[in-house]
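K.L.:
fold the following, please.
(2 chains)
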There are 2 protein chains.
Amino acid sequence: MSTSAGWEHPRASFYTDHYELTMLQASLHSGAAHRRSVFEAFARRLPDGRRYGIVAGTGRLLEGIADFRFGEAELDFLGRTGVVNQDTLDYLAGYRFSGDIWGYPEGEAYFPNSPILIVESTFAEACMLETYLLSVLNHDSAIASAASRMITAAGNRPCIEMGSRRTHEEAAPAAARAAVIAGFDSTSNLEAGIRYGIKTVGTAAHSFTLLHDTEQDAFEAQLASLGKGTSLLVDTYDVEAAVRSAVGLAGPKLGAVRLDSGDLVAQAQWVRQLLDQLGNENTKIVVTSDLDEFAIAALQAAPVDSYGVGTSLVTGSGAPTASMVYKLVSRTDDAGNFVSVAKTAKNKASMGGRKYALRRLNEHGIATQEIVGIGRPPEDDGNDRPLLQQFIKNGELLPGWTGHEGVVRARQRHADTMAELPSVVNRLQRGDAAIPTIYEEN
Amino acid sequence: MSTSAGWEHPRASFYTDHYELTMLQASLHSGAAHRRSVFEAFARRLPDGRRYGIVAGTGRLLEGIADFRFGEAELDFLGRTGVVNQDTLDYLAGYRFSGDIWGYPEGEAYFPNSPILIVESTFAEACMLETYLLSVLNHDSAIASAASRMITAAGNRPCIEMGSRRTHEEAAPAAARAAVIAGFDSTSNLEAGIRYGIKTVGTAAHSFTLLHDTEQDAFEAQLASLGKGTSLLVDTYDVEAAVRSAVGLAGPKLGAVRLDSGDLVAQAQWVRQLLDQLGNENTKIVVTSDLDEFAIAALQAAPVDSYGVGTSLVTGSGAPTASMVYKLVSRTDDAGNFVSVAKTAKNKASMGGRKYALRRLNEHGIATQEIVGIGRPPEDDGNDRPLLQQFIKNGELLPGWTGHEGVVRARQRHADTMAELPSVVNRLQRGDAAIPTIYEEN
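P.N.:
Next up, the predicted model:
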């Protein structure tokens, strides 16, 4: 296929580190490539002071895994540049993931060492997915985790995602998708609209005002073309004059005014008063100036109707990646029996073995512990909510996790899981994880 | 086209904010859409305490602009969802950028208010490029700016880009490309290899060791398959035992050992001594544990041969976006004369008008000032290096800026510009821009 940038790619398979393929080659050589293996994606810690994280990207990831193949162009490149030998090329030509994948559903909260994704297949099949899988989960979860805090800070005021220009162009629709999963109302990004069915919004920038001879000309043009329900940007020259001009031209049906600079708290106060004086009680105030969850919280006392969030959202508000890792936790031996494995060198101890995961709830239905264990889960006494769902079975994608449906479902999961977490998740201050992760072994 | 994730996109045109299109509609309505306009991309400030930034992304951007069209799927979406009216759809169906673009060549250093990219065309044509243009420049320049500091810290020791798993999967090859422009030697990312001809490298992860019954089995398999020149990862269990085992199996021709955890400075010291004692003076030491420019600087006194850098690189080492903006600085009036324009509301003053830009050098050829002016540049006295180059003329891409050639050229530009900057750019501590930006008006 050819794309906008003139390259013939990508296939998901090439979003991959070189060493996944050299490991494949060496393990095909030793024969260990065919050992049944369990890999786990998890985060050893939450970003600095965060109380929880939100899983996102799963739907995108599953779509990519379904199409994870090595085509002629990829095989030619790998052969020509000597990345791998002919035996490995032959294996890759037939590559198709045929194993099982479970994980936390998209939108679910996670904590340190939550087993967010579990992949069981041959080593060769699972190893190939590592880089791609982590790229998607690390990026999207970082955005959803930041977005979730902004949504909490915003209360019932809608948030609009508008950060496309401050992140990689292809990361932008993924960021919009993650933001909507965490409760954002809409996005400025058209690609997110066409690809995921997310609502897109937008009206005009300062350049539109500057293009016209006067601000009044610009407002007239916008109102004539987009209707009185549009949002007029009032801070190109003098805010008060612009608000009066806007109301003068549009009358009481003016949809909104947008403030994009200055002391937003004070400005929102007097702009609200001015609008009310002028008879525009129904004209809303949108604010959009480099907001993050803290600025949103500070604006909650101001008469603001909605928040447009850009840079801070798409860069994860200080935590641009979720730092998830993907580790081999169990694999078969020559007799076909599973053996738990883990790195033991200092500083990076991992827990071997295939996990189960439960969210333990108290009598009020509030989460108290993240239970992660190896072996058989404890019998259900009604207070443990199982967290792992199956996404792929024998290589077949199970329905409901991808596309627009996946986004809708993940958004609901996020809302449900937030309602279940202790109220400490509403605090923006730094602190420990909202609930502890407890290891069990049965 | 269909891609890995099952969507029929993207065309560069949809990496775009909704409001670019509503502005287009309203300006088509007022007629101002056809006014000749000059837009400028610049950063008001460098990230917190940085001395300079590095422009990157230009080559990718120019490839995208050459293919910036609205196809059937895009037009159908825009019509169906009511983003714009029929007149606007008709305009978009024939959209093709036919103007001029100048800018700082890729790899060049920039400072606050450097006019990094200048677009001259009708308002309609230039406005459409805003979101995409900023996405590419903001992402790639953030990575290149961080990478450049790492390269300075690393001195003549090669750096390997290996951050794919910690950023969006499609941002990863762009990050690899930006890192190589700023002096990185190679990347782990296969897509960067196939797309841009960048050298890819990699050997094995901990999972490969854990897959085998013993570390020795794993080392044997890797050496047999990849040769003695490979790099063995020695910190899965006990580092000393692993180094002894590696040397025992591979002999003096072992290529390298890799350290990925622990106190790397101390560890590198004694591992080097041990390798030398065992007769492996030529076996190199690669370190790869969450490095950034500060960790690299701290490791310069240790006997390390190369650095693998991941998370910190692809997240811009604390500055994941370059915060560039794209502003209308000049446009024609009804008589066809250019008028300088700028937003005047508080906090965000911009300088209107079409700029020139020069780097002023002292008698030793060292940069002393960034000169940005409006009107005619001063006469060349041999001490001013003009910074703006033309990339697109009447809609036609000029040769040499894109593809593999563009990367090679940008890498050279980065090396040349760094040699010209004052030595303060070698300091990692926070401080002011290395040279001041001076406005001139003639």
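K.L.:
around chain B, which positions in the stretch 301-442 of chain A sit nearby?
P.N.:
Those residues of the stretch 301-442 of chain A that sit near chain B, judged by CB under 8 Å from any CB of the partner chain, are A:311, A:314-316, A:320-321, A:323, A:326-328, A:331, A:333-334, A:341-348, A:402-403. For glycine as for every other residue, the C-beta is placed from the backbone atoms N, C-alpha and C.
K.L.:
please list only the buried members of those residues.
P.N.:
A:311, A:314-316, A:320-321, A:323, A:326-328, A:331, A:341-343, A:345, A:348, A:402-403 (16 or more other CB atoms under 10 Å in any protein chain shown).
K.L.:
three-state assignment of residue A:440?
P.N.:
The local conformation at residue A:440, judged by DSSP: H, G, I helix; E, B strand; the rest coil, is strand.
K.L.:
tell me who's in contact with residue A:316.
P.N.:
Neighbouring residues of residue A:316 by CB atoms under 8 Å, 6 or more residues apart in numbering or on different chains: A:47, A:142, A:143, A:145, A:146, A:322, B:320.
K.L.:
what helix or strand is the residue of the stretch 101-250 of chain A found nearest chain B located in?
P.N.:
Chain B sits closest to residue A:202 of the stretch 101-250 of chain A, with a gap of 3.0 Å, by CB to the nearest CB. Applying DSSP states H and E as the criterion places residue A:202 outside every helix and strand.
K.L.:
that one and residue A:187 touch, don't they?
P.N.:
No - Residue A:202 lies out of contact with residue A:187 (CB atoms under 8 Å); the separation is 9.2 Å.
K.L.:
what touches both of the two?
P.N.:
In contact with both residue A:202 and residue A:187: residue A:162, using CB under 8 Å, 6+ apart.
K.L.:
okay, those two: which has more neighbours?
P.N.:
residue A:187 (30 against 23; other CB atoms under 10 Å in any protein chain shown).
K.L.:
now do the more buried one against residue B:20, distance only.
P.N.:
Plainly put, residue A:187 is 14 Å away from residue B:20 if you go by CB to CB, to the nearest Å.
K.L.:
residue A:42 now?
P.N.:
For residue A:42 relative to residue B:20 (CB to CB), the value is 40 Å.
K.L.:
walk me through the domains of chain A.
P.N.:
Per automatic domain parsing, the domain ranges recorded for chain A read A:36-66+A:98-128+A:323-441, A:148-311.
K.L.:
include mean pLDDT when you put these into a markdown table, please.
P.N.:
Rendered in a markdown table, the data for the domains of chain A read as follows (pLDDT from 0 to 100):
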| stretch | mean pLDDT |
| --- | --- |
| domain A:36-66+A:98-128+A:323-441 | 93 |
| domain A:148-311 | 97 |
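K.L.:
so which of those domains is the most packed in?
P.N.:
Across the domains of chain A, the average number of neighbours (mean count of other CB atoms under 10 Å in any protein chain shown) peaks for domain A:148-311, which reaches a mean of 21.
K.L.:
dump the domains of chain A to CSV, plus distance to residue B:55.
P.N.:
Shown next, in CSV, are the domains of chain A (distance: least, CB to CB, whole Å):
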stretch, distance to residue B:55
domain A:36-66+A:98-128+A:323-441, 29
domain A:148-311, 16
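K.L.:
mind checking which of those is nearest residue B:122?
P.N.:
In terms of CB to CB, the element of the domains of chain A nearest to residue B:122 is domain A:148-311, at 10.3 Å.
K.L.:
distance between the closest one and the chain's centre?
P.N.:
Offset of domain A:148-311 from its chain centre (CA atoms, centre = their mean, to the nearest Å): 23 Å.
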